[in-house]
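Quick one, structure for this:
(one chain, ligands or ions: 3)
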Amino acid sequence: MLLLTKADLASPRRVRAVYRPLGLPMLTTRRPLPPRTLSRVRNVLTGRISVLIGQSGVGKSTLVNTLVPEASRSVGAVNPVTGRGRHTSSSAVALPLGSGWLIDTPGLRGFGLGHVSAERVVEAFGDLAEGTASCPPGCDHLSEGCALDAWAREHHAEARLDSLRRLLRSREGTSPD
Ligand SMILES: Nc1nc2c(ncn2[C@@H]2O[C@H](COP(=O)(O)OP(=O)(O)O)[C@@H](O)[C@H]2O)c(=O)[nH]1
Ligand SMILES: [Mg+2]
Ligand SMILES: [Zn+2]
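Ligands and ions are numbered 1, 2, ... in the order given. Below is the predicted model:
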């Protein structure tokens, strides 16, 4: 699920609009955190193993401390100029939450897909799978002849095709295969 934090600092409206087509469940948190929001978050996490993933400084550990006060995860300051956080929690920690686990991570500056095959990247775009059916065998979905161009136009999926191609291109030159 997508959890948008710090809605007290800026409206989450535009970010929500960008992600809405993915059909992910979305929740928005803010400071002060309304009790209703907290119980929604708790309901989503309960009985599951959840990993909080996001850039340093977005508020993961703050949320962990609210959900599991005895966790005492250290919370970092955000650089007022760059808006970025420092990696205050330097290790991932799993905390029992109800019958499940909540895993706080140190956060990340970025990640690459060099270790993921192109096929796996395409698989993650399940909504485009139908469009790849008419592709030539071994299509890299980046070259002329790829059936996705026509399919995306017809199904108003151009933005999704752009996303797929950005990810596929970001792998170029880094691929192990
Ligand atoms: N304004 C605002 N600040 C927040 C919110 N949640 C966390 N913070 C602050 O953001 C900074 C980084 O939080 P932290 O939990 O350490 O982020 P992490 O790196 O993702 O674990 C801290 O100064 C928090 O107090 C929020 O909802 N609103
Ligand atoms: Mg943290
Ligand atoms: Zn193709």
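
From now on I want contacts and neighbour counts done on CA atoms only, so please keep to that.
OK.

Show me the longest helix that occurs in this protein.
helix 158-171 (DSSP state H).

which helices and strands sit right next to it?
Under the contact criterion of 3 or more C-alpha pairs under 8 Å, 6 or more residues apart in numbering; DSSP states H and E, helix 158-171 touches helix 118-123, helix 148-154.

just how off-centre is the shortest one within its chain?
To tie it back to what came earlier, the one meant is helix 118-123. Centre-to-centre, helix 118-123 and its host chain are 17 Å apart (C-alpha atoms, centre = their mean, to the nearest Å).

buried ones in that helix?
For helix 118-123, a neighbour-count test (16 or more other C-alpha atoms under 10 Å) marks Ala118, Val121, Val122 as buried.

Please tell me how far His155 sits from ligand 1.
Going from His155 to ligand 1 by C-alpha to the nearest ligand atom, to the nearest Å gives 37 Å.

Now for Ile53: which residues touch it?
For Ile53, the contacting residues are Lys60, Asp104, Thr105, Gly107, Leu108, by C-alpha atoms under 8 Å, 6 or more residues apart in numbering.

among these, which are in strands?
With strands defined by DSSP state E, the entries of those inside them are Asp104.

which one of the contacts of Ile53 is nearest Pro34?
Lys60 (16.8 Å; C-alpha to C-alpha).

Based on its surroundings, how many neighbours for the closest one?
Other residues near Lys60 come to 24 when the count uses other C-alpha atoms under 10 Å.

anything in the longest helix of the chain near ligand 3?
No. Judged by C-alpha under 5 Å from the ion, helix 158-171 stays clear of ligand 3, getting no closer than 10.2 Å.

Could you give the average pLDDT over that helix?
In this model, helix 158-171 has a mean pLDDT of 93.

What parts of the protein come near ligand 1?
Neighbours of ligand 1 within the chain, by C-alpha under 6 Å from any ligand atom: 5-6, 8-9, 29-31, 56-62, 75-78, 85.

Now Glu130: which helix or strand?
Glu130 is located in helix 129-132, with elements delineated by DSSP states H and E.

Good, we can wrap up now.
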